[in-house]
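# structure of the sequence below:
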Amino acid sequence: MLAEIITIGDEILIGQIVDTNSAWMARQLNLAGIQVKQITSVSDDASHIVEALQQAEKRAQIILITGGLGPTKDDITKVTLAKYFNMGFRRDEETLRHVEQIFARSNRPMIEMNKMQADVPDGCIVIQNKNGTAPCMWFNQNERIFVSMPGVPFEMMYLMDDEILPRLKKTFDLPFIYHKTLLTAGIGESFLAAEIEELESALPAHIKLAYLPRLGQVRLRLSASGTDEALLKAEVDEQANLIVQKVKQYVVAEEDIAIEKALLDYMKAAKLTLSTAESCTGGYIAHLITQHPGCSAVYAGGAVTYANELKKSVLAVQEETLLNYGAVSEQTVAEMALGALTQFKTDCSIAVSGVAGPDGGTAEKPVGTVWIAVAIRGVVHTKLFKLGNKRVQNIERAAISALGMLLQELHKQGQAAVIV
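Reported below is the predicted structural model:
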């Protein structure tokens, strides 16, 4: 069963907002056994919307549309759909009562434009939007299902969860789709592919392997679909286990989670605490960690020490070390890691110092030179990274590399087991 997602709105195409709706919907549809064939974004222009609908009909049995259902003149989705299906309009009384109740609760006056939210194409099935004024509209047309939903994310999500997905599951005999994701760090995509080439070639035809690289990490996703859920899971898990055994030193999680969440889970299970000492990453590592609920069970805190004076006063880095080796050096970053252990009284620490760019580099230490140290109960491990010349990417890659480096060291030492 194939679906297409169409998002409508000039604000998406000019980059004013990010289309998070499509990514969320695609995940939910995939979990339900519906494959998304294409995601299309179009402007608030009737001819563009019509063209997108015509093309979607050729590719998919289910067309999900978001956006353009507000009460103002630039919201033209409802009118365009009525013309596309050659329908007139009717006023849906249940929707009108719902809109009236919303305005009454907030003690706001209701004008004719607001009442028009209850006007719907006369051939659609109306699904009430409990979280807003724009109703959801379901069309059975041209042997296809078209569903038009508001673009406000929380309104769309509730409609999908409570109404749309249950109705689709009742309408179609959907297959089971199973994904198994392995998170790797410390190895590039091409090198990883070379390591598991034989295993990939030997995969059964119905199991597909995808490489999902990001800065400093690669996800491996094994996917299969069918009718026997238990059999599919067993087959995919068996293939995933073969890959884990082959590249065990690079696998840091056996589920689809962020690398910092994998680290937090590892350390919580091992009852270990963490602190950070950041220079060139400017607190980005701390940000990644603290965005996850429950991080305080592991993360004690950290310091952003750009200036050498702060490296000395906060992290007890020796002045001689800075004078002899410089701030971007193996010696300095090792002392930063040990200083964080001592000052913040944690079991483990991460320290990063480098030249993020775009300036500040030298012939000896060009832009992209980053030293990372991780300390585990007083034992320090250091590594030099030669990154690129883009500041933002250098910061992100240094942070991800540091997190992966600590995960790998913990795994080597048996401080925590890989999550299954």
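# ok, longest helix in the chain?
Counting residues, the longest helix found in the chain (DSSP state H) is helix 391-412.
# dump the C-alpha coordinates for stretch 374-390 into PDB.
Extracted in PDB, the C-alpha atoms of stretch 374-390 (Å, rounded to 0.1, in the frame of the first residue of the first chain):
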ATOM      1  CA  VAL A 374      37.800  11.100  27.600                       C
ATOM      2  CA  ALA A 375      38.600  10.100  31.200                       C
ATOM      3  CA  ILE A 376      37.200   7.100  33.000                       C
ATOM      4  CA  ARG A 377      38.000   7.000  36.700                       C
ATOM      5  CA  GLY A 378      41.300   8.800  36.200                       C
ATOM      6  CA  VAL A 379      42.400   7.000  33.100                       C
ATOM      7  CA  VAL A 380      42.600   9.300  30.100                       C
ATOM      8  CA  HIS A 381      42.300   8.400  26.400                       C
ATOM      9  CA  THR A 382      43.100  11.000  23.800                       C
ATOM     10  CA  LYS A 383      42.600  11.300  20.000                       C
ATOM     11  CA  LEU A 384      43.400  13.800  17.300                       C
ATOM     12  CA  PHE A 385      40.800  14.600  14.700                       C
ATOM     13  CA  LYS A 386      41.400  16.400  11.400                       C
ATOM     14  CA  LEU A 387      38.000  17.800  10.400                       C
ATOM     15  CA  GLY A 388      37.100  20.300   7.700                       C
ATOM     16  CA  ASN A 389      37.000  24.100   7.400                       C
ATOM     17  CA  LYS A 390      33.300  24.700   8.100                       C
END
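# now it, how far from the centre of its chain.
Distance, stretch centre to chain centre, for stretch 374-390: 26 Å (CA atoms, centre = their mean, to the nearest Å).
# what bridges to the closest residue to residue 163 other than its chain neighbours?
Leaving out its chain neighbours, the residue that sits closest to residue 163 by CB to CB, 6 or more residues apart in numbering is residue 127, at 5.0 Å. Where you see a C-beta, it was placed from the backbone N, CA and C, and this is true even at glycine. Here residue 127 sits in beta bridges with residue 136, going by DSSP bridges.
# my read: residue 127 touches residue 136, true?
Yes. Between residue 127 and residue 136 there is a contact at 4.0 Å, judged by CB atoms under 8 Å.
# same for the longest helix of the chain, what does it pack against?
If contacts are counted by 3 or more CB pairs under 8 Å, 6 or more residues apart in numbering; DSSP states H and E, helix 391-412 sits against strand 176-185, strand 251-253, helix 259-269, helix 284-290, strand 348-354, strand 369-376, strand 379-386.
# contacts for the helix or strand residue 95 falls within, please.
According to DSSP states H and E, residue 95 maps onto helix 93-105. The contact list for helix 93-105, computed with CB atoms under 8 Å, 6 or more residues apart in numbering, reads 109-110, 114-115, 117-118, 120, 126, 128-130, 133, 135.
# tell me which residues in it are buried?
Across helix 93-105, burial judged by 16 or more other CB atoms under 10 Å covers 95-96, 98-99, 102.
# and for stretch 29-39?
29-30, 32-34, 36-37, 39.
# what's the mean pLDDT across it?
Averaging pLDDT along stretch 29-39 gives 94.
# use 41 as the first number for this chain going forward.
All right, first residue 41 from here; so that's stretch 69-79.
# endpoints of it, how far apart?
13 Å (CA to CA, to the nearest Å).
# chain center to it, what's the gap?
For stretch 69-79, the distance to the chain centre is 17 Å (CA atoms, centre = their mean).
# what sits against the residue nearest to residue 203?
Counted by CB under 8 Å, 6+ apart, residue 167 has contacts 175-178, 199, 203-204.
# circling back: now the buried residues of helix 133-145 in JSON lines, please, with extra columns for distance to residue 273.
Output for these, formatted as JSON lines (distance: CB to CB, whole Å):
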{"residue": "135", "distance to residue 273": "43"}
{"residue": "136", "distance to residue 273": "48"}
{"residue": "138", "distance to residue 273": "42"}
{"residue": "139", "distance to residue 273": "46"}
{"residue": "142", "distance to residue 273": "44"}
